[in-house]
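J.: Sequence plus the predicted model coming up.
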Amino acid sequence: MAEYEFLKGHGTENDFVLLPDLDGTIHGDLSPERVRALCDRRAGIGGDGVLRVLRRGDGWFMDYRNSDGSLSEMCGNGIRVFARYLVDAGLADPAQPIPVDTRDGRKVLTVDGDLITADMGTPRVLGESKVAVPGHTWPARHVDMGNPHAVAFVDSLDDAGPLLDPPEHDAATYPDGVNVEFVVRRGERHVAMRVHERGSGETRSCGTGACAVMVAAAVADGLGPGSAYRVDVPGGTLTVTWTDDDRVLLTGPAVIVARGTTSL
C-alpha cells in the first residue's frame, strides 16, 4: 500500500490517529482491519480511535471509528482535536464558529486559545439501569449524548477494578453496547470519573462521557440547565456547562503532537 499522511493528537489524553482525506478518495476503504492496525499501540501508531477528515459541501464531516474498527456516532474529545487540525491547517478561521457534521448531527465548535468548546447538543436523561464489575454492582443513570452512557456513582474509583473487560450491563437497555462511567464527588459541582468506552476499553478521557456525568450529577443534585461542573478525568480536566436553553457545552484542550506518513 502507498504511504499516506497521518497526524496524532489528543484531548485530555484521549488520543487519536487523524487522517486528512479532504476529497474522500484516499481512505475510501477505511476497513476495520486498517483502523485496528493504526490504533495498535505496539505495532501501529496507537490511539483510542481514528478521525477521518472529510470535506462535505462547504463544511466538514468527522468520520470517527473506535480502536476496534467499529463506527461511533460521536466523540467529544475527538471533535476538538478535529477542530484543532482544521485551524492549524488553515482550513478554518479560529475567530469564527466551526461547524462539523457527525453521525450525531452537526456540532459547532469555538476556539479560545488553547481551549476548544464543542456544543454537544441536548442531552436525553433516560431511566436507570445497573452496571457491574467483579465484586460490585451499582445503579446507573442512562444518559444519551448521541451515544449511550451508563453513569454510576461509586465510593472510590478503585472499586471499578482494572476495567480490562466491558462492565456488565442490561443488554435490553443498551442493545448496541454502552459507555460506562464511574464517578466520585470531589466538591461542590466538581466530580472525577473513570470510563470504559464501548469499542475502545478504558481510556484516559471521554468527552461525551464527561457530558453524561455532568448531566447525571446535576440531576442528582436537584439542578439542571443553567449549571456548570468541573469533571476530572485521568488525562486532565474538562469543564461541562448545561446551558439555560438545554445545550451541553464541553470545554477542554486539544493538541496535535505528531505528524508523518504511514503505509499501515
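T.: Perfect, I can see it now.
J.: domain ranges for this structure?
T.: Listed by automatic domain parsing, the domain ranges of the chain are 4-115+253-262, 124-246.
J.: Can I get these in CSV including mean neighbour count and mean pLDDT?
T.: All C-beta spots, glycine's among them, are computed from the backbone N, C-alpha and C. Converted to CSV, the domains of the chain look like this (neighbours: other C-beta atoms under 10 Å; pLDDT from 0 to 100):
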stretch, mean neighbour count, mean pLDDT
domain 4-115+253-262, 18, 95
domain 124-246, 19, 96
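J.: for residue 213, helix, strand, or coil?
T.: helix (DSSP: H, G, I helix; E, B strand; the rest coil).
J.: what does residue 87 give?
T.: helix.
J.: Identify the residue nearest it in space, chain neighbours excluded?
T.: residue 94 (4.8 Å; C-beta to C-beta, 6 or more residues apart in numbering).
J.: So that neighbour versus residue 253, what's the distance?
T.: From residue 94 across to residue 253, the span is 14 Å (C-beta to C-beta, to the nearest Å).
J.: Please apply the same query to residue 232.
T.: Counting by C-beta to C-beta - residue 232 and residue 253 are separated by 14 Å.
J.: just residue 75 next, same as before
T.: 15 Å.
J.: Residue 150: which element?
T.: strand 148-153 (DSSP states H and E).
J.: residues in contact with the helix or strand following that strand?
T.: Downstream of strand 148-153, the first helix or strand assigned by DSSP H and E is strand 168-169. Strand 168-169 is contacted by residues 129, 130, 131, 132, 133, 140, 150, 178, 180 when judged by C-beta atoms under 8 Å, 6 or more residues apart in numbering.
J.: Could you tell me how far the nearest residue to the fourth one once chain neighbours are set aside is located from residue 174?
T.: Translated: residue 132. Sequence neighbours aside, residue 168 is the residue nearest to residue 132 in space, at 4.1 Å (criterion: C-beta to C-beta, 6+ apart). Distance of residue 168 to residue 174, computed by C-beta to C-beta: 11 Å.
J.: picking up where we left off before, quick check: the two most widely separated of the contacts of strand 168-169?
T.: 129 and 133 (14.5 Å; C-beta to C-beta).
J.: Quote the end-to-end distance of stretch 236-250.
T.: For stretch 236-250, the first-to-last residue distance is 13 Å (C-alpha to C-alpha, to the nearest Å).
J.: and if you look at stretch 92-105?
T.: The first-to-last residue distance of stretch 92-105 comes to 19 Å (C-alpha to C-alpha).
J.: Likewise for stretch 83-99?
T.: End to end - C-alpha to C-alpha - stretch 83-99 spans 9 Å.
J.: show me where the stretch 51-200 of the chain has strands.
T.: Remark: strands assigned in the stretch 51-200 of the chain by DSSP state E, counting those that start in this stretch are 59-66, 98-102, 105-112, 115-119, 124-133, 136-144, 148-153, 168-169, 179-187, 190-197.
J.: CSV for these, including distance to residue 79?
T.: Putting the strands of the stretch 51-200 of the chain into CSV (distance: least, C-beta to C-beta, whole Å) gives the following:
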stretch, distance to residue 79
strand 59-66, 6
strand 98-102, 6
strand 105-112, 6
strand 115-119, 5
strand 124-133, 19
strand 136-144, 17
strand 148-153, 16
strand 168-169, 25
strand 179-187, 16
strand 190-197, 15
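J.: so which of these comes closest to residue 20?
T.: That would be strand 59-66 among these, by C-beta to C-beta, at 10.9 Å.
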